[in-house]
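K.L.:
fold the following for me, if possible:
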Amino acid sequence: MKRLAGVFSMILFLVTVLMAADNNLTGKWSGSFIISSSNGESKDDGVFLDLKQKGIELTGTAGPTPEEQFPIQKGKVEGNKLTFEVQSPKFLINFELTLIDGHLKGEARAEHEGKSKKAAVDVQRKSE
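P.N.:
You can find the predicted model right below:
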């Protein structure tokens, strides 16, 4: 029984790796970053991601422009979902995105000095 559970676990791991390989996220992505603060204010901004995927590991950089980038930390890909953190000068930003129809969509959350902000993210791969 233990052997069967081990084999099952290995199969699940391999399926996750293969699905991640099929949806390789390596490349440059850009799009919208609509920020909402805890006081109800909203601001439209942009975001640029330079992603590098190797299996389930995600590295690269992210920031508001191609010129202003910060390293991705704790990047992980599970199927069509990815999570990572970015330490900007003011915020530690946590991203949770999903690959949907060629877009990475989801949310970014940050807190600083007791204030929380979140942003709706929608990016597309840029043509090289």
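K.L.:
who does residue 48 bridge with?
P.N.:
Under DSSP bridges, the beta-bridge partners of residue 48 are residue 30, residue 63.
K.L.:
tally of neighbours for it?
P.N.:
20 (other CB atoms under 10 Å). For glycine as for every other residue, the C-beta is placed from the backbone atoms N, C-alpha and C.
K.L.:
wait, doesn't it sit right on residue 29?
P.N.:
Yes - look at residue 48 against residue 29 with CB atoms under 8 Å: they come within range, at 7.3 Å.
K.L.:
in stretch 100-112, what's buried?
P.N.:
Residues 103-106, 108, 110 are the ones in stretch 100-112 that count as buried (16 or more other CB atoms under 10 Å).
K.L.:
got the contact list for it?
P.N.:
Residues outside stretch 100-112 that contact it (CB atoms under 8 Å, 6 or more residues apart in numbering): 25, 29, 31, 33, 47, 49, 80, 82, 90-98, 116-125.
K.L.:
before we move on, what about stretch 79-90?
P.N.:
Here stretch 79-90 makes contact (CB under 8 Å, 6+ apart) with 16, 19-20, 23, 25, 58, 62-63, 70-76, 92-100, 104, 112.
K.L.:
selecting buried members of these in ChimeraX, what would you type?
P.N.:
Typed into ChimeraX, the next command selects the buried ones out of the contacts of stretch 79-90 (criterion: 16+ other CB under 10 Å):
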select :20,25,58,62,63,72,75,93,94,95,97,99,104
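K.L.:
thinking again about what came up before, among the contacts of stretch 100-112, which ones are in strands?
P.N.:
Mapping the contacts of stretch 100-112 onto strands (DSSP state E) picks out 29, 31, 33, 47, 49, 82, 92-98, 116-125.
K.L.:
contacting residues for residue 51?
P.N.:
Residue 51 sits next to 25-29, 58-60, 72 when contact means CB under 8 Å, 6+ apart.
K.L.:
bridging residues for the nearest residue to residue 24 once chain neighbours are set aside?
P.N.:
Leaving aside its sequence neighbours, residue 24 sits nearest to residue 53 (CB to CB, 6 or more residues apart in numbering; 5.5 Å). In this entry, residue 53 is beta-bridged to residue 58, by DSSP bridges.
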